[in-house]
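>>> the sequence and its predicted three-dimensional model are supplied below.
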Amino acid sequence: QLQLVESGGGLVQPGGSLRLSCAASQFTLEHYAIGWFRQAPGKEREGVSCISSSGGNTNYADSVKGRFTISRDNAENTVYLQMNSLKPEDTAVYYCAADALVFRVCHLSAAYEYWGQGTQVTVSS
């Protein structure tokens, strides 16, 4: 069973930064595209960013472009989401997901089979 674990969430002031990590145990992530999604209370889950298995292709939601950066370290079996210039509207539970999918659909939550449990990000003064 492929298991993903997110970490790095927390409470941060507006304008601050956090780095989320998505790690896997007992299997390698290098053959999977990874997506980051978020869900705020009362809202639908939305795609934030995704990265191809090689790391050569990335995709960002318009709302986070220029502020968030996705990367992966296959040697560490971990994918990161660096979040800078955080805004209150970034507050949500953030999930990572993995699938051996075609990159052009990596922004679609329905394309992913494996999901982590999520990590809370709260941006507030």
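Noted; the coordinates are in hand. Numbers count the residues shown, from 1 in each chain.
>>> on the three-state scheme, the spatially most central residue of the chain is what?
Ranked by distance to the mean C-alpha position of the chain (CA atoms, centre = their mean), the top residue is W36 at 2.4 Å. Here W36 is recorded as strand under DSSP: H, G, I helix; E, B strand; the rest coil.
>>> that one is in contact with L20, isn't it?
Yes: with contact defined as CB atoms under 8 Å, W36 reaches L20; the gap is 7.1 Å. The C-beta positions use only the backbone N, C-alpha and C, and glycine is treated the same way.
>>> identify the contacts common to those two.
Taking CB atoms under 8 Å, 6 or more residues apart in numbering as the contact rule, W36 and L20 both touch 81, 94, 96.
>>> end to end, how far does stretch 57-69 reach?
12 Å (CA to CA, to the nearest Å).
>>> likewise stretch 66-85?
So stretch 66-85: terminal residues 9 Å apart, CA to CA.
>>> repeat that for stretch 31-42.
Span of stretch 31-42 from end to end, CA to CA: 34 Å.
>>> where do the strands sit along the protein?
Along the chain, counting by DSSP state E, strands occupy 3-7, 10-12, 18-25, 33-39, 46-51, 58-60, 68-73, 78-83, 92-99, 114-115, 119-123.
>>> which residues are contacting the last one?
What it means is strand 119-123. With CB under 8 Å, 6+ apart, strand 119-123 has contacts from 6-14, 16, 18, 20, 38, 83, 86-94.
>>> returning to what we had before: so which of the strands of the chain comes closest to C106?
Closest of those to C106 is strand 46-51, at 3.6 Å (criterion: CB to CB).
>>> what residues sit buried inside that closest one?
Going by neighbour count (16 or more other CB atoms under 10 Å), the buried part of strand 46-51 is 47-51.
>>> how about stretch 55-75?
By 16+ other CB under 10 Å, the buried positions in stretch 55-75 come out as 55, 59-61, 64, 68, 70, 72.
>>> what of stretch 14-31?
Those buried within stretch 14-31 under the rule 16+ other CB under 10 Å are 18, 20-24, 29.
>>> how about stretch 79-93?
Buried residues in stretch 79-93 (16+ other CB under 10 Å): 79-81, 83, 86, 90-93.
>>> could I get those residues in JSON lines, plus columns for distance to A111 and pLDDT?
Compiled in JSON lines, those are given as follows (distance: CB to CB, whole Å; pLDDT from 0 to 100):
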{"residue": "V79", "distance to A111": "16", "pLDDT": "97"}
{"residue": "Y80", "distance to A111": "21", "pLDDT": "98"}
{"residue": "L81", "distance to A111": "18", "pLDDT": "98"}
{"residue": "M83", "distance to A111": "23", "pLDDT": "98"}
{"residue": "L86", "distance to A111": "27", "pLDDT": "98"}
{"residue": "D90", "distance to A111": "23", "pLDDT": "98"}
{"residue": "T91", "distance to A111": "25", "pLDDT": "98"}
{"residue": "A92", "distance to A111": "20", "pLDDT": "98"}
{"residue": "V93", "distance to A111": "19", "pLDDT": "98"}
